[in-house]
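>>> coords below, sequence missing:
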């Protein structure tokens, strides 16, 4: 059984993604990084670029981050504010 975590991606007035994920790849200020289930807690600034989500169905979804944002990972959840 795959380990998963809850991922929420939002921007003002809009939820872009809200569901379980196997992994997510972020364009961080210091380079691309990936989050998996049970990741250590962290907060990171995001750069412009592509965010990639691997869903529980095996699908890979891509979202453009046009102006950067912030990601918070804690307690097997990831929250992204764009």
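Here it is on my side, so go on. Quick caveat, the model's predicted, so the values are computed rather than measured. Numbers count the residues shown, from 1 in each chain.
>>> name the element the residue nearest the centre of the chain belongs to?
Note on the chain: the residue nearest the mean C-alpha position is residue 24, at 4.8 Å, using Cα atoms, centre = their mean. Taking DSSP states H and E as the definition, residue 24 sits inside strand 14-28.
>>> now residue 63
Using DSSP H and E, residue 63 falls in strand 60-65.
>>> how far off strand 14-28 does that strand point, in degrees?
Strand 60-65 runs at 90 degrees relative to strand 14-28, counting by axes from the mean of the first three to the mean of the last three Cα atoms, to 10 degrees.
>>> helix or strand next in line after strand 60-65, which one?
strand 69-74.
>>> picking up where we left off before, got the buried residues for the strand holding residue 63?
Buried residues in strand 60-65, counting neighbours by 16 or more other Cβ atoms under 10 Å, are found at 63, 65. The way it works is simple: take the backbone N, C-alpha and C, and place the C-beta from them, glycine included.
>>> same check on stretch 41-55?
Applying a neighbour-count criterion of 16+ other Cβ under 10 Å, the buried positions in stretch 41-55 are 44, 46-47, 49, 51-55.
>>> nearest to residue 16 among these?
residue 51 (9.2 Å; Cβ to Cβ).
>>> list the contacts of the closest residue to that closest one other than its chain neighbours.
Nearest non-adjacent residue to residue 51, counting by Cβ to Cβ, 6 or more residues apart in numbering: residue 63, 4.7 Å away. Contacts for residue 63 (Cβ atoms under 8 Å, 6 or more residues apart in numbering) come out as 9, 16-17, 50-53.
>>> other SSEs contacting the strand holding residue 24?
Counting by 3 or more Cβ pairs under 8 Å, 6 or more residues apart in numbering; DSSP states H and E, the packing neighbours recorded for strand 14-28 are strand 5-11, strand 31-36, strand 42-46, strand 49-55, strand 60-65, strand 77-81.
>>> how about the ones you listed in a markdown table, adding distance to residue 71 and mean pLDDT?
As requested, those are arranged in a markdown table below (distance: least, Cβ to Cβ, whole Å; pLDDT from 0 to 100):
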| stretch | distance to residue 71 | mean pLDDT |
| --- | --- | --- |
| strand 5-11 | 9 | 97 |
| strand 31-36 | 8 | 96 |
| strand 42-46 | 5 | 96 |
| strand 49-55 | 9 | 97 |
| strand 60-65 | 10 | 96 |
| strand 77-81 | 5 | 98 |
